[in-house]
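A.B. asks: A structural model of the following input is requested.
(one chain, ligands or ions: 1)
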Amino acid sequence: MYVCICNAVTESQIHALVDNGVNTLEAVQQITGCSGTCGNCTDLAEQTIRKARRRKVLQFSIPVLDMHTNQSAASFDSLT
Ligand code: FES
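C.D. replies: Below you'll find the predicted structure:
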């Protein structure tokens with residue numbers, strides 16, 4: 001899904017940037033141009049960045065019980 005039509009920035013691009021430590025609107029804007037043209041996407045871009053941050057925190061910080069070994073796994077990723 002496009003977040004910024006003017007600069008063809010997608011939700012998945014923003015998630016990838018946040019996963020790589022780019023987690024402010026200003027930084028995303030510097031790299032992609034997102035919200036820097038008409039500005040109509042600014043609220044959606046900020047929401048997308050917040051959503052990506054939450055997903056990243058959940059992905060890397062919540063211990064998960066592996067149902068097969070009954071051991072605590074490091075992350076959701078380690079179960080896949
Ligand atoms: S839609 Fe993003 S700057 Fe116009």
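A.B. asks: and Ile62, what pLDDT?
C.D. replies: Looking at Ile62, its pLDDT is 59.
A.B. asks: Spit out the contact partners of the closest residue to Gln13 other than its chain neighbours.
C.D. replies: In space, and not counting its chain neighbours, Gln13 is closest to Thr32: 6.6 Å by C-beta to C-beta, 6 or more residues apart in numbering. For the C-beta atoms, the positions are set from N, CA and C on the backbone; glycine is no exception. Contacts for Thr32 (C-beta atoms under 8 Å, 6 or more residues apart in numbering) come out as Cys4, Asn7, Val9, Gln13, Ile14, Leu17.
A.B. asks: Of those residues, which are in range of the ligand?
C.D. replies: Among these, the residues that sit close to the ligand (C-beta under 6 Å from any ligand atom) are Cys4, Asn7.
A.B. asks: Buried ones among the contacts of Thr32?
C.D. replies: The neighbour count (16 or more other C-beta atoms under 10 Å) marks Cys4, Asn7, Val9, Gln13, Ile14, Leu17 as buried among the contacts of Thr32.
A.B. asks: For the third one, what are phi and psi?
C.D. replies: Backbone torsions of Val9, given as degrees, to the nearest 10, read phi -100, psi 130.
A.B. asks: Which residues of this protein lie near the ligand?
C.D. replies: Selection of the chain residues close to the ligand by C-beta under 6 Å from any ligand atom yields Cys4, Ile5, Cys6, Asn7, Cys34, Ser35, Gly36, Thr37, Cys38, Gly39, Asn40, Cys41.
A.B. asks: quick one on the thing from earlier: got the buried ones among the contacts of Thr32 as JSON lines, with secondary structure and pLDDT columns?
C.D. replies: Shown next, in JSON lines, are the buried ones among the contacts of Thr32 (DSSP: H, G, I helix; E, B strand; the rest coil; pLDDT from 0 to 100):
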{"residue": "Cys4", "secondary structure": "strand", "pLDDT": "98"}
{"residue": "Asn7", "secondary structure": "coil", "pLDDT": "98"}
{"residue": "Val9", "secondary structure": "strand", "pLDDT": "98"}
{"residue": "Gln13", "secondary structure": "helix", "pLDDT": "98"}
{"residue": "Ile14", "secondary structure": "helix", "pLDDT": "98"}
{"residue": "Leu17", "secondary structure": "helix", "pLDDT": "97"}
